[in-house]
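K.L.:
Show me the folded form of this:
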Amino acid sequence: MKKLFLSIAFVLALGLTFTSCKDKKASEEVEETMTEVVKNTEDVMDDAKNAVDNAKEAGNELIANAEKALMEAQEEAKNAVGDAKIAAEKKVEEAKKALEELKVLSKESIEKAKNAMDDTKNDVNKAADMLENKN
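P.N.:
Numbers count the residues shown, from 1 in each chain. Now for the predicted structure:
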């Protein structure tokens with residue numbers, strides 16, 4: 001791009017120089033104008049280069065920020081999965097504990113029911129014996 005502007009300025013300078021060889025004063029003015037054109041072209045090229053550099057820096061910063069956000073999101077997701085796993089394991093342990101307690105209660109209930117049946121059987125037998133003794 002810089003070469004293009006410099007080439008255009010050079011061709012323009014040569015064209016103006018050859019067409020105005022008859023008039024030296026005009027030739028000097030053309031030379032000054034061409035010098036200004038070259039200088040302005042160089043300034044424009046420097047400005048363009050600075051703009052490109054600034055855009056490149058901004059792009060690199062944007063990429064770095066995006067990478068940082070991605071890494072943070074991955075870490076947060078990893079932590080969330082870990083937390084969910086811990087919570088699930090805790091609930092499984094609570095369920096196992098509740099099941100064990102239920103088994104113990106069931107055994108106790110069965111034992112109490114057997115005892116109640118035995119007591120009822122004994123009471124029925126006693127009542128039958130009392131009725132038999134009365135008759």
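K.L.:
which ones are touching residue 82?
P.N.:
For residue 82, the contact set (C-beta atoms under 8 Å, 6 or more residues apart in numbering) is empty. Bear in mind the C-beta positions are built from the backbone N, C-alpha and C, glycine included.
K.L.:
and it, how far is that from residue 73?
P.N.:
15 Å (C-beta to C-beta, to the nearest Å).
K.L.:
And for residue 90?
P.N.:
Taking C-beta to C-beta as the criterion, residue 90 is separated from residue 73 by 26 Å.
K.L.:
so where do the helices sit in the protein?
P.N.:
Using DSSP state H, the helices of the chain run over residues 2-19, 24-134.
K.L.:
Of those helices, which stretch is the most buried?
P.N.:
helix 2-19 (a mean of 13; mean count of other C-beta atoms under 10 Å).
K.L.:
pLDDT weak spots in this protein?
P.N.:
Residues of the chain meeting the criterion pLDDT under 70: 1-2, 5-6, 14, 16-27, 135.
K.L.:
At the geometric centre of it, which residue sits there?
P.N.:
Compute the mean C-alpha point of the chain, and by C-alpha atoms, centre = their mean the closest residue is residue 73, 3.1 Å away.
K.L.:
Now for that one: which residues touch it?
P.N.:
Residue 73 touches nothing, counting by C-beta under 8 Å, 6+ apart.
K.L.:
go on, the one 10 residues further on?
P.N.:
By C-beta under 8 Å, 6+ apart, the contact set of residue 83 is empty.
K.L.:
so how far is residue 72 from it?
P.N.:
16 Å.
K.L.:
same check, this time on residue 15
P.N.:
60 Å.
K.L.:
What of residue 64?
P.N.:
13 Å.
K.L.:
do residue 57 as well
P.N.:
Going from residue 57 to residue 72 by C-beta to C-beta gives 22 Å.
K.L.:
again with residue 117
P.N.:
Counting by C-beta to C-beta - residue 117 and residue 72 are separated by 67 Å.
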